[in-house]
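Enquirer: Need a 3D model of the sequence below.
(one chain, ligands or ions: 1)
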Amino acid sequence: MQVFVYKNAEEVARAAATVFAAEIFKKPDCVLGLATGSTPVPLYKELARMNHEGLIDFSRVRTYNLDEYVGLDPAHVCSYRRFMNENLFDHINIDKANTHVPCGIGADHEADAKAYDAAVEAAGGIDLQLLGIGHNGHIGFNEPNDVFVYPTNVITLTQSTIDANARFFDSADDVPRQAISLGVGGIMNARRVVLLATGEGKAKAIRDSIKGNIDPKVPASILRAHQNVQFFLDEGAASLL
Ligand code: GLP
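Expert: Coordinates of the predicted model:
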């Protein structure tokens, strides 16, 4: 694992954008694993700028997002599909048919979860997986648990995650209690993983992930067993290392 520390969130975004641009140059039809949350927004802005300036071409890129809330229609203002459209896909020359977000409103979530893993596999696997991190060390929506859960699955959100994500909803009561998330296996199978964390609020999760034991109670700690993972942190997120 490699850890890079930058001065601020803007520099983290610029550095991460270089990694994504390099991947797209190398493999124009690469498969990107994408994440939601506030942390990747500056990266998405930077990628949109590079695309407008003709520096990168998304026309053949394929994407698979990490997660979606159970029960939210893709058009819902807080759905992750809508988040991705508004923060990235609407601003780049990607073919939306090549963008995938788990379905949170299907009749059979277990079947949808299985189908999602099969689709990622059929696409050739994820070349470059982007991650943020929750305050409790979650990745995607893989919450602290007694065991690592490998396949894509339906997850019951912890109160800490509900509280952290309440800022996107009218109130904490409106935050769905469940989500469908790429499992730890899907993340670990990616050929390369880049985790972004900015702000002091993430410092404890980062310290526990990097310095503690590999432990399902801190889901991001499993990344230390990955052959090709980089953490891009700002000084705040790195402040307890
Ligand atoms: C959500 C997402 C995660 C994300 C986390 C942190 O729970 N499912 O993928 O990493 O939020 O979000 P933020 O970057 O807003 O702190």
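Enquirer: what does stretch 135-147 contact?
Expert: Here stretch 135-147 makes contact (Cβ atoms under 8 Å, 6 or more residues apart in numbering) with 35, 66-67, 131-134, 148-149, 155-158, 160-161, 164, 179-184, 187, 195, 201-202, 204-205, 208-209, 216-221, 223. The way it works is simple: take the backbone N, C-alpha and C, and place the C-beta from them, glycine included.
Enquirer: That stretch: how far from the chain's middle?
Expert: Its chain's average C-alpha position is 13 Å from that of stretch 135-147, according to Cα atoms, centre = their mean, to the nearest Å.
Enquirer: same thing with stretch 50-70?
Expert: Relative to the mean C-alpha coordinate of its chain, stretch 50-70 is positioned 13 Å out (Cα atoms, centre = their mean).
Enquirer: Now do it: distance from first to last residue.
Expert: 33 Å (Cα to Cα, to the nearest Å).
Enquirer: Pull out the buried positions in that stretch.
Expert: Buried positions in stretch 50-70, judged by neighbour count with 16 or more other Cβ atoms under 10 Å: 50-51, 56, 58, 61-70.
Enquirer: want to throw these into JSON lines with distance to R14, pLDDT and secondary structure?
Expert: Output for the buried residues of stretch 50-70, formatted as JSON lines (distance: Cβ to Cβ, whole Å; pLDDT from 0 to 100; DSSP: H, G, I helix; E, B strand; the rest coil):
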{"residue": "M50", "distance to R14": "10", "pLDDT": "98", "secondary structure": "helix"}
{"residue": "N51", "distance to R14": "15", "pLDDT": "98", "secondary structure": "helix"}
{"residue": "I56", "distance to R14": "14", "pLDDT": "98", "secondary structure": "coil"}
{"residue": "F58", "distance to R14": "18", "pLDDT": "98", "secondary structure": "coil"}
{"residue": "V61", "distance to R14": "20", "pLDDT": "98", "secondary structure": "coil"}
{"residue": "R62", "distance to R14": "24", "pLDDT": "98", "secondary structure": "strand"}
{"residue": "T63", "distance to R14": "21", "pLDDT": "98", "secondary structure": "strand"}
{"residue": "Y64", "distance to R14": "24", "pLDDT": "98", "secondary structure": "strand"}
{"residue": "N65", "distance to R14": "23", "pLDDT": "98", "secondary structure": "strand"}
{"residue": "L66", "distance to R14": "22", "pLDDT": "98", "secondary structure": "coil"}
{"residue": "D67", "distance to R14": "26", "pLDDT": "98", "secondary structure": "strand"}
{"residue": "E68", "distance to R14": "28", "pLDDT": "97", "secondary structure": "strand"}
{"residue": "Y69", "distance to R14": "30", "pLDDT": "97", "secondary structure": "strand"}
{"residue": "V70", "distance to R14": "35", "pLDDT": "97", "secondary structure": "coil"}
